[in-house]
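J.: got a sequence here, can you build the structure:
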Amino acid sequence: MITTNIGGLERVASAGVTVRSYSASLISNRWLRNLRLYWSARRSDHLVIHFDFRDVAFFAVLFTLFPGRRCRLTTLDLFTERPRRQGLCFMRWCLRRVDRLLVYFRDTSPFEHLLKVSATKFRYVPFKINGLQYIRTMVSTEEGYVFCGGRSRRDFRTLFDAVKDLPYLVKVVTSEESEMKPHGSTMHGLSVPPNVKIIRRDSDQAFFLDCMARAKLVVIPLIGDSLTQAGIGVYIQAMALGKCVIISSGVGVRDVLTDQAVIVRPGDSSELRNAIVRLWNDDRLRGQYAERARRYALPLGGEDELYRSVLASLPGDESRCARA
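T.: Here you go, the predicted model:
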């Protein structure tokens with residue numbers, strides 16, 4: 001039996017596999033939800049949760065104090081800022097109780113070193129295409145502008161420096177400053193070039209994807225960080241739309257993509273500017289990247305394909321949990 005806080009995992013479980021789902025949409029209070037998950041997990045073979053260190057710590061402590069039946073703990077995704085020294089030992093202790101860390105990147109070495117987690121605990125699972133229902137109905141065109149979208153760890157300073165002297169319109173679809181700051185992005189104090197149009201509507205998925213679908217290039221400038229992934233959902237959306245993508249190197253980029261996108265150094269406005277100019281003016285090269293991008297992204301599918309990967313990656317002989 002599998003207990004989870006991931007709503008929808010039960011849709012892809014094979015016949016004979018019981019999945020009990022207690023998602024936030026069913027139980028909104030975190031601690032009530034976690035208590036219900038814990039009670040169910042005591043009778044389960046697996047507990048599968050979205051990674052949130054507060055939840056990981058909750059289950060690590062309870063499973064240690066009240067061991068009962070051995071339930072294997074798997075987390076999906078991994079977001080962690082570099083912890084303070086006093087919290088690092090506790091984090092390492094909690095993660096020892098996790099049996100499998102499913103992540104959207106291949107290079108786990110920085111996390112192995114910092115968190116003292118064995119490489120054998122990590123499994124790469126490819127991310128999904130967000131908004132696939134919209135993308136399937138869209139026709140990509142090239143309407144003469146560069147698109148930049150998203151709000152997590154976006155390096156707007158480098159983007160503005162790169163495009164300020166270029167004769168191209170740049171549309172930046174993002175959120176309000178108060179919403180992007182908790183995600184590591186800001187435009188505070190920056191001078192927006194006259195060729196850059198800021199649109200605060202990134203929560204409107206249909207609008208976001210429509211703007212992306214009509215762009216000539218998609219640029220995703222990221223703040224360099226060896227521990228924080230960003231931009232994965234957006235670059236997969238752009239690739240599924242058959243767009244040529246320029247993106248800063250980072251976790252889940254340099255270790256996942258090869259020739260499907262143009263990868264530039266974080267914080268290097270000159271390199272970013274040169275990549276934009278080269279691809280804007282080279283239709284053939286831009287088309288080659290776009291075609292390789294589409295071939296990479298479309299097979300990833302949507303939510304159900306991701307959940308099948310999750311079930312197939314659980315510790316032990318769990319390939320039976322996912323439908324063929």
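J.: what's near enough to touch K164?
T.: P193, N195 (CB atoms under 8 Å, 6 or more residues apart in numbering). (C-beta placed from N, C-alpha, C; glycine too.)
J.: actually G184, not the one I typed
T.: S152, R153, I223, T228, A230.
J.: and it, how far is that from R42?
T.: 37 Å (CB to CB, to the nearest Å).
J.: which pair in the contacts of G184 spans the largest distance?
T.: S152 and I223 (9.4 Å; CB to CB).
J.: anything in contact with each of these two?
T.: Between them, S152 and I223 share the contacting residues G184, S185, A230, judged by CB under 8 Å, 6+ apart.
J.: after the longest helix that the chain contains, which helix or strand is next?
T.: Using DSSP state H, we find that the single longest helix of the chain is helix 283-297. Per DSSP states H and E, the first helix or strand lying C-terminal to helix 283-297 is helix 303-312.
J.: how about that next one: buried residues?
T.: E303, E305, L306, Y307, R308, S309, V310, L311, A312 (16 or more other CB atoms under 10 Å).
J.: export those residues to JSON lines and tack on pLDDT?
T.: As requested, the buried residues of helix 303-312 are exported to JSON lines (pLDDT from 0 to 100):
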{"residue": "E303", "pLDDT": "96"}
{"residue": "E305", "pLDDT": "96"}
{"residue": "L306", "pLDDT": "97"}
{"residue": "Y307", "pLDDT": "96"}
{"residue": "R308", "pLDDT": "96"}
{"residue": "S309", "pLDDT": "96"}
{"residue": "V310", "pLDDT": "96"}
{"residue": "L311", "pLDDT": "96"}
{"residue": "A312", "pLDDT": "95"}
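J.: columns distance to F51 on top of the residues you listed, output as TSV?
T.: Formatted as TSV, the buried residues of helix 303-312 follow (distance: CB to CB, whole Å):
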residue	distance to F51
E303	17
E305	20
L306	14
Y307	15
R308	19
S309	15
V310	12
L311	17
A312	18
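J.: thinking again about what came up before, which one among the shared contacts of S152 and I223 gets closest to K197?
T.: S185 (17.2 Å).
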